[in-house]
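Visitor: Kindly return the folded structure for what I paste below:
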Amino acid sequence: MRAIVLAGGYAKRLWPLTLDRPKPLLPLGDGCILDFVISRIMLVNEVSEVIISTNRRFESNFIEWVKERGHTNITIVPEASTREEEKLGPINAVWSIVKERPDDYLIVAGDNLFSADLKEMVSFYHKVKAPTIALYEISDRELAKQYACVELDEKACIINFQEKPSEPKSLLVSTGIYVLPWRSISRMHEYLAKGNPPDPIGKFIEWLTKTEAVYGFKFKGYWYDIGSHESYRSAQEAFRGISFKNV
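Guide: I've put the predicted structure just below:
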């Protein structure tokens, strides 16, 4: 199994903080957002390589971060864009990576902070032997409209997946964490060939739920989606004084 960290965005809503620095490298605790994401991934023993999917503009920032941290199993793979308007979309970016590396994949959004136990999630994935996504229940129905809302049956199989619904049927939302077997992630080629949108990843997951069984892994604790100055400040406060080395 390999892991992919999605870090190809330009985070315009966080300007000027992200004008010259990618969102995952914004300071947090005694490190940065990416330090906490990677610390979670590294707990999954079967992950042989971590691939950071970014853009050409911020490629050097991530290369420098890898050198500073001394990581030996992290690969930086940039797509060609240098600004928002040139982006290929995360599904195109992921497909360009995985088509050369057939494997099962743990995919994690690089701007998320979460308490989910990824080892437990991967164990659940092996149990159901099917695509699995991490889910978190929020309390704000208006906020739910910004996410992919999910309904599950009694076996945790997804029976309804709606990307940014105008009328959410559920407050259980996708958190941008996925475990996908090769047989499923390889279907990104089929998805794109049919003219489906390359952004966001949730669109591919929604399409996948209509053609094969996909399961939800629910977790409690915390989840911060760093998409605004307000959410970043909240995360900074929550992680104040916390070391990523001890997460």
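Visitor: Centroid-nearest residue for the protein?
Guide: residue 109 (2.2 Å; Cα atoms, centre = their mean).
Visitor: With residue 245 as the reference, measure out to the residue lying closest to that residue once chain neighbours are set aside.
Guide: Excluding the flanking residues, the one nearest residue 109 by Cβ to Cβ, 6 or more residues apart in numbering is residue 176, at 3.2 Å. From N, CA and C alone the C-beta is placed, and that goes for glycine too. In this view, residue 176 and residue 245 are 24 Å apart by Cβ to Cβ, to the nearest Å.
Visitor: ditto for residue 121
Guide: Computed as Cβ to Cβ, the residue 121 to residue 245 distance reads 22 Å.
Visitor: which of the two has more neighbours?
Guide: Legend: neighbour count by other Cβ atoms under 10 Å for residue 121 and residue 245, higher for residue 121 (19 against 10).
Visitor: Enumerate every residue touching that one.
Guide: When contacts are counted by Cβ atoms under 8 Å, 6 or more residues apart in numbering, residue 121 is found next to 132, 134, 177, 179, 217, 219.
Visitor: What ranges in the chain fall below the confidence cut-off?
Guide: Scanning the chain for pLDDT under 70 picks out 247.
Visitor: Which stretches in it count as helices?
Guide: For the chain, the helices defined by DSSP state H cover 33-41, 59-69, 90-98, 118-128, 141-144, 182-185, 188-193, 201-209, 229-238.
Visitor: which one's the longest strand in the chain?
Guide: Counting by DSSP state E, the longest strand found in the chain is strand 172-180.
Visitor: List the contacts of that one.
Guide: For strand 172-180, contacts defined as Cβ under 8 Å, 6+ apart pick out 6, 104-109, 112, 114, 116, 118, 121-122, 125, 131-138, 144, 147-152, 161, 201-202, 205, 216, 218, 223, 225.
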